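1. please work out how this folds:
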Amino acid sequence: MDLSQFLKDAVVNLFVLLGFVTLCALMRDVSEKRQRKTAFWEIGLLFGVMAVVAMLAAVETPQGMIFDCRAGVIGAGALLAGPWAAMASIILPCAYRIYVAGPGMVPGVLEIVLAAVFGSLCNLSLRRRYAALRLSHVLVASLLTGCATNVSIFAFVMMYLPSGTQEFGLAGTALILLNAPVSMALLATLIQLERKHFDAVDSIADSERRMLHSQKMAAVGQLSRKVAHTFANSLTTILGSAQMVKDGSIDEASEKHLMDDVIDTVGRLSYLTTELLSFATPGSLRLRRMPLSKGIVGIRQFLASSLAADVEIVVEADKNGGEVMLDHDRIEQAILHMAVNASEAMDGRGRLTIGVAHADLTDYEKDVLQAGIHKKDRHEGDFAVLSVEDTGRGMDQETVSRIFEPFFTTKEKRENVGLGLSTVYNIVQQHHGCIDVISRVGHGSTFLIYLPVVEGTSE
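-> Numbering: from 1, shown residues only. Presented below is the predicted three-dimensional model:
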């Protein structure tokens, strides 16, 4: 055997270890989705199977020596998962080594057992001293466990099988002593890094959920203040006008003007009350499974009577956008609110484009889109997207971040400001969808409503 083959075998073993780390990550992800903790025997079985795979992918040196990283795998499992997992992990590799037999059977089995014992001792020691394992702890403990295992095996071979040590040489002795600590340190470090990454992502998601909750509570506070302010001002107007009419200190023309103000004020309060009721108690949806493109059939005629005559309405519907669970009336209501908002942003003149398409999202984009949703409630499948695009003045990022707040507005005239976009947000939430906004000052705005595509065929 030449050196090149030895290097190839070593690279294969490295990729085996990397594949095992990926498998650990997948196993943890499945456990998280099922909301249950992985049992110690499942972890032990996983490491045991990996140890057998490592034995099957053994490396042969140019001098004819054969070694593998079984001790590294078992030791890493014991170090990270504890004694119970270590006990479960040694069953399969020990059984396989006994089955293979040969002159090295006793040292081979002993190596597996010692790696589990030393790894478990390190785990217990670290857990007693520290609440959580740090990467530096894992690295040092791996090297100590691997060295203790291989030194013990080397001493056993030297004592009971001296004839087996004659052809080791300096290079062979180095391989025997360094094999377990290096492989164990590498595997344990990679798994610990994967754990830290997983915890960091989970922590970020939790922080985003807390931030969204805080924003919702702030929005409720703003809503209460603005409603109270609006009602107080309106009631002051009504009371003042009524008092002046009662006193009889004004002429008939002024009295009529005051009554017109009262009627207008009461009308605004009535409209606001209706919107508040719709916002607070949206009612149940009447969901039907249908292509999203069907949800905007006739939308051009529906909007024509509500928008300025100089607003051009363009509808672009992709029939392959996908089927969703939809309340047609509520989606029309959401589109109307967005269209009216867009018409005002265009000062009554421009192009409004309403489109439906299949949303080609990567897994990362889905996670970002659903960042405020608990992982178990996220939609893992495809999405269809409803877009409402205008050619208006656009918005800066600060405005975009606040447009769904109740009563938030950038308009100079605030008398008729309602809950349009807040209602749109609620409707999207009721459909278990997500909404995103893309806008630049001077380049218009695009509202994107992502709705989960229903899997399977329709009945």
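2. could you use CA atoms for every contact and neighbour count after this?
-> Will do.
3. how about the helices in the stretch 301-450 of the chain?
-> 328-345, 363-369, 397-400, 420-430 (DSSP state H, counting those that start in this stretch).
4. now those helices as JSON lines including mean neighbour count?
-> Listed next are the helices of the stretch 301-450 of the chain as JSON lines, based on neighbours: other CA atoms under 10 Å:
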{"stretch": "helix 328-345", "mean neighbour count": "19"}
{"stretch": "helix 363-369", "mean neighbour count": "14"}
{"stretch": "helix 397-400", "mean neighbour count": "13"}
{"stretch": "helix 420-430", "mean neighbour count": "20"}
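5. relative to residue 76, which of the ones you listed is closest?
-> Proximity to residue 76, assessed across those by CA to CA, is greatest for helix 363-369 (30.3 Å).
6. residues in contact with that closest one?
-> Applying CA atoms under 8 Å, 6 or more residues apart in numbering, the external contacts of helix 363-369 come out as 380, 434, 436.
7. could you rerun that using 6 Å?
-> Applying CA atoms under 6 Å, 6 or more residues apart in numbering, helix 363-369 turns out to have no external contacts.
8. may I have that helix as PDB, with CA atoms only?
-> Coordinates of each C-alpha in helix 363-369 appear next as PDB, following Å, rounded to 0.1, in the frame of the first residue of the first chain:
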ATOM      1  CA  ASP A 363     -35.500  27.200   3.500                       C
ATOM      2  CA  TYR A 364     -33.600  30.100   4.800                       C
ATOM      3  CA  GLU A 365     -36.000  32.600   3.300                       C
ATOM      4  CA  LYS A 366     -38.900  30.700   4.800                       C
ATOM      5  CA  ASP A 367     -37.300  30.900   8.200                       C
ATOM      6  CA  VAL A 368     -36.700  34.600   7.900                       C
ATOM      7  CA  LEU A 369     -40.300  35.100   6.700                       C
END
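9. remind me which residues of the stretch 101-250 of the chain are low pLDDT?
-> Within the stretch 101-250 of the chain, the segments meeting pLDDT under 70 span 157-158, 160-177, 199, 201-226.
10. what do you get if the cut-off is 50, keeping everything else the same?
-> 164-166 (pLDDT under 50).
11. that one: helices as residue ranges?
-> Secondary structure of the stretch 101-250 of the chain, counting by DSSP H, counting those that start in this stretch: helices at 105-129, 135-160, 169-247.
12. distance from the chain centre to the first one, please.
-> Spelled out, that is helix 105-129. For helix 105-129, the separation from the chain centroid amounts to 37 Å (computed by CA atoms, centre = their mean, to the nearest Å).
13. list the buried ones in it?
-> In terms of neighbour count (16 or more other CA atoms under 10 Å), helix 105-129 has its buried residues at 105, 107-123, 126.
14. elements contacting it?
-> Counting contacts by 3 or more CA pairs under 6 Å, 6 or more residues apart in numbering; DSSP states H and E, helix 105-129 packs against helix 70-81, helix 135-160.
15. check which residues of the longest one are buried.
-> Neighbour-count burial for helix 135-160, with 16+ other CA under 10 Å as criterion, is recorded at 135, 138-139, 141-150, 152-154, 157.
16. likewise the shortest one?
-> Applying a neighbour-count criterion of 16+ other CA under 10 Å, the buried positions in helix 70-81 are 70-81.
17. by how many degrees do that helix and helix 135-160 diverge?
-> Relative orientation of helix 70-81 versus helix 135-160 (axes from the mean of the first three to the mean of the last three CA atoms, to 10 degrees): 140 degrees.
18. top strand in the protein by residue count?
-> In the chain, taking DSSP state E as the definition, the longest strand is strand 349-359.
19. helices or strands up against that one?
-> Applying 3+ CA pairs under 6 Å, 6+ apart, we find strand 349-359 packed against strand 310-317, strand 383-390.
20. strands paired with it, and their directions?
-> strand 310-317 (parallel), strand 383-390 (antiparallel) (DSSP bridges).
21. can I get it as PDB, trimmed to CA atoms?
-> Output of strand 349-359 as PDB, limited to C-alpha atoms (Å, rounded to 0.1, in the frame of the first residue of the first chain):
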ATOM      1  CA  ARG A 349     -52.500  58.900 -10.600                       C
ATOM      2  CA  GLY A 350     -50.300  55.900 -11.400                       C
ATOM      3  CA  ARG A 351     -50.300  52.200 -11.900                       C
ATOM      4  CA  LEU A 352     -51.500  49.600  -9.400                       C
ATOM      5  CA  THR A 353     -50.400  46.000 -10.200                       C
ATOM      6  CA  ILE A 354     -52.000  43.100  -8.500                       C
ATOM      7  CA  GLY A 355     -50.300  39.700  -9.000                       C
ATOM      8  CA  VAL A 356     -50.500  36.100  -8.000                       C
ATOM      9  CA  ALA A 357     -47.600  33.600  -8.300                       C
ATOM     10  CA  HIS A 358     -45.800  30.700  -6.800                       C
ATOM     11  CA  ALA A 359     -43.300  31.900  -4.200                       C
END
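22. angle of it against helix 328-345?
-> Going by the same axes, to 10 degrees, strand 349-359 makes 140 degrees with helix 328-345.
23. what is the mean pLDDT for strand 349-359?
-> Averaged across strand 349-359, pLDDT comes to 91.
24. go on, stretch 75-92?
-> Mean pLDDT, computed over stretch 75-92, is 88.
25. who's in contact with it?
-> Contacts of stretch 75-92 with the rest of the structure, by CA under 6 Å, 6+ apart, involve 40-41, 44-45, 47-48, 115-116, 119-120, 123, 184, 188.
26. adding distance to residue 90, write the residues you listed out as a markdown table.
-> As requested, those are exported to a markdown table (distance: CA to CA, whole Å):
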| residue | distance to residue 90 |
| --- | --- |
| 40 | 13 |
| 41 | 11 |
| 44 | 8 |
| 45 | 9 |
| 47 | 8 |
| 48 | 6 |
| 115 | 9 |
| 116 | 7 |
| 119 | 12 |
| 120 | 12 |
| 123 | 16 |
| 184 | 15 |
| 188 | 17 |
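27. let me have the strands paired with strand 349-359 in a markdown table, extended by mean neighbour count, mean pLDDT and distance to residue 294.
-> What follows is those, written out as a markdown table (neighbours: other CA atoms under 10 Å; pLDDT from 0 to 100; distance: least, CA to CA, whole Å):
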| stretch | mean neighbour count | mean pLDDT | distance to residue 294 |
| --- | --- | --- | --- |
| strand 310-317 | 17 | 89 | 9 |
| strand 383-390 | 25 | 93 | 11 |
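28. reformat the ones you listed as TSV; add distance to residue 302.
-> Below are the strands paired with strand 349-359 laid out as TSV (distance: least, CA to CA, whole Å):
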stretch	distance to residue 302
strand 310-317	11
strand 383-390	15
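29. select, out of those, the one closest to residue 287.
-> With CA to CA as the measure, strand 383-390 is the member of the strands paired with strand 349-359 nearest residue 287 (15.9 Å).
30. gap between the closest one and the chain center?
-> With CA atoms, centre = their mean, you get 22 Å for strand 383-390.
31. how about residues contacting it?
-> Strand 383-390 is contacted from outside by 321-322, 342, 351-359, 444-453, using CA under 6 Å, 6+ apart.
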